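> Let me see the structure of the following:
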Amino acid sequence: MTSCPKRIVHYMHEYLDGDIQEEAKKELKDHIEMCKDCRQHFAELKKTIALVQSASHIAAPAGFTGRVMALLPREGKKVGIERWFKNHPFLTAAALFLLLMSGGFASFFSQEDNQFAFTKNSALKVENETVIVPAGTVVEEDIVVKNGDIRIEGSVDGNVTVINGDRFMASAGNVTGDIEEIDALFGRIWYEIKMVFQ
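Okay, the predicted model is just below:
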């Protein structure tokens, strides 16, 4: 069979598939009558096809699939989680970004949470973490007080912002700008973002 043309084996496959042309069929039959090896190979191919076709009617016993599946080891939680991360890379990246950003914001705000700070101005007085605008004085700039209170007895020509504190106005106190008290976390975040872009 090794000395036989390759087209003969090709014709055998076409014949068994039912796709052979009449001329090729005649050439195949003539060759098989003359070549013992090809005749044996062709007979083995026919037997193989007959065996496969007869085995297709065999069915597995009832419940066989269920029993085999029950014997397989369970998939671990770690594998399921890893598969979810691989199938959802955008959500994974977004969640990781939010986690890192919230950690950054938390550390940023925790550094300043207990520190009393205020706008430095020689006209302002400080008593027990309370910034005082004395009566009869005019402060011509914005005042920011963090983690403390402000008492306005004089006049402020600008905005007053109090973060984590309270404001007290005397009857003679005057502010020409806005007065803003920021106590909530989101209010503080919004204030910090506004300060970055000003």
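
> So the closest residue to residue 168 other than its chain neighbours, which state does it fall into?
Nearest residue to residue 168, sequence neighbours excluded (C-beta to C-beta, 6 or more residues apart in numbering): residue 151, at 4.3 Å. Placement of C-beta: from N, CA and C, glycine included. Recorded secondary structure, residue 151: strand (DSSP: H, G, I helix; E, B strand; the rest coil).

> for residue 151, what are its contacts?
Listed by C-beta atoms under 8 Å, 6 or more residues apart in numbering, the contact set of residue 151 reads 130-133, 167-170, 173.

> repeat that with 7 Å
130, 132, 168 (C-beta atoms under 7 Å, 6 or more residues apart in numbering).

> Roughly how far does it sit from residue 169?
Distance of residue 151 to residue 169, computed by C-beta to C-beta, to the nearest Å: 8 Å.

> what do you get for residue 132?
12 Å.

> What score does residue 186 have for pLDDT?
For residue 186, the pLDDT comes out at 64.

> how many other residues sit next to the nearest residue to residue 129 once chain neighbours are set aside?
Nearest non-adjacent residue to residue 129, counting by C-beta to C-beta, 6+ apart: residue 148, 4.1 Å away. Burial of residue 148 is recorded as 19 neighbouring residues (other C-beta atoms under 10 Å).

> I'd guessed residue 148 sits against residue 124; true?
No: if you go by C-beta atoms under 7 Å, residue 148 and residue 124 don't touch, sitting 11.4 Å apart.

> Name the residues contacting each of the two.
residue 131.

> Count the neighbours of residue 16 for me.
14.

> Which stretches in the chain count as strands?
117-118, 125-127, 130-133, 138-139, 143-146, 149-152, 155-156, 160-163, 167-169, 174-175, 179-182 (DSSP state E).

> so what's the residue nearest to residue 129 up against?
With C-beta under 7 Å, 6+ apart, residue 148 has these contacts: 116, 118, 129-131, 165.

> Return the member of those residues nearest to residue 89.
Nearest to residue 89 among the contacts of residue 148, counting by C-beta to C-beta, is residue 165 at 44.4 Å.

> Does the closest one touch residue 149 like I think?
Yes: in this structure, residue 165 is within contact of residue 149 by C-beta under 7 Å, at 4.6 Å.

> what are the C-alpha coordinates of the lowest-mean-pLDDT helix or strand in the chain, in CSV please?
Lowest mean confidence among the helices and strands of the chain (mean pLDDT, DSSP states H and E): helix 185-196, at a mean of 73. Taking Å, rounded to 0.1, in the frame of the first residue of the first chain, the C-alpha atoms of helix 185-196 are listed here in CSV:
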residue,chain,number,x,y,z
LEU,A,185,-17.7,63.8,55.0
PHE,A,186,-19.2,64.4,51.5
GLY,A,187,-19.4,68.1,52.2
ARG,A,188,-15.7,68.1,53.1
ILE,A,189,-14.7,66.1,50.1
TRP,A,190,-16.7,68.6,47.9
TYR,A,191,-14.9,71.5,49.6
GLU,A,192,-11.5,70.0,49.1
ILE,A,193,-12.2,69.3,45.4
LYS,A,194,-13.4,73.0,45.0
MET,A,195,-10.2,74.2,46.6
VAL,A,196,-8.0,72.2,44.2
